[in-house]
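Peer 1: Below are the sequence and a predicted model for it; my questions follow.
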Amino acid sequence: MCLLLFVSIHQVIIAALVAVAFAAPDRRYGSVGSSEEAEILQHDFDLQDDGRYNLEVKTSNGILVSQHGSPDGPKDAVVKSGVYS
């Protein structure tokens, strides 16, 4: 019985270590297959006096961000929407 318990504990420990190894974040940042940093081609941010804003960002690796928001939520929380591609 002791041998059976010992084998089971080892199996659990090995399974946990394998799970942690596979769950580790990928250390590669940036676009797929690229080791270069992307250039910001366009960055427009317009903030109005009433809290509304518009944001447009384009990068050299094809990332596009378009977002707008306004303090229309409860307790003037910013409600925002937009797209990312």
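Peer 2: Structure received. Note that the structure is a prediction, hence the values are computed from the model and not measured.
Peer 1: From here on, just use CA atoms for contacts and neighbour counts.
Peer 2: Noted.
Peer 1: phi, psi of residue 82?
Peer 2: Here is the backbone geometry of residue 82 (degrees, to the nearest 10): phi 170, psi -170.
Peer 1: So residue 78 is in contact with residue 70, correct?
Peer 2: Yes - applying C-alpha atoms under 8 Å as the test, residue 78 and residue 70 come out as touching, 5.3 Å apart.
Peer 1: Flag the shaky bits of the chain, pLDDT-wise.
Peer 2: 1-7, 26-35 (pLDDT under 70).
Peer 1: rerun at 50
Peer 2: Low-confidence segments of the chain (pLDDT under 50): none present.
Peer 1: all strands of it, in order?
Peer 2: 40-47, 53-59, 64-70, 79-84 (DSSP state E).
Peer 1: Strand partners (parallel or antiparallel) of the second one?
Peer 2: The strands beside strand 53-59 in its sheet (DSSP bridges) come out as strand 40-47 (antiparallel), strand 64-70 (antiparallel).
Peer 1: right, so those: which one is the most enclosed?
Peer 2: strand 64-70 (a mean of 16; mean count of other C-alpha atoms under 10 Å).
Peer 1: what residues are up against residue 73?
Peer 2: For residue 73, the contacting residues are residue 79, by C-alpha atoms under 8 Å, 6 or more residues apart in numbering.
Peer 1: same check, this time on residue 63
Peer 2: 57, 84, 85.
Peer 1: 10 Å instead?
Peer 2: 31, 38, 40, 57, 84, 85 (C-alpha atoms under 10 Å, 6 or more residues apart in numbering).
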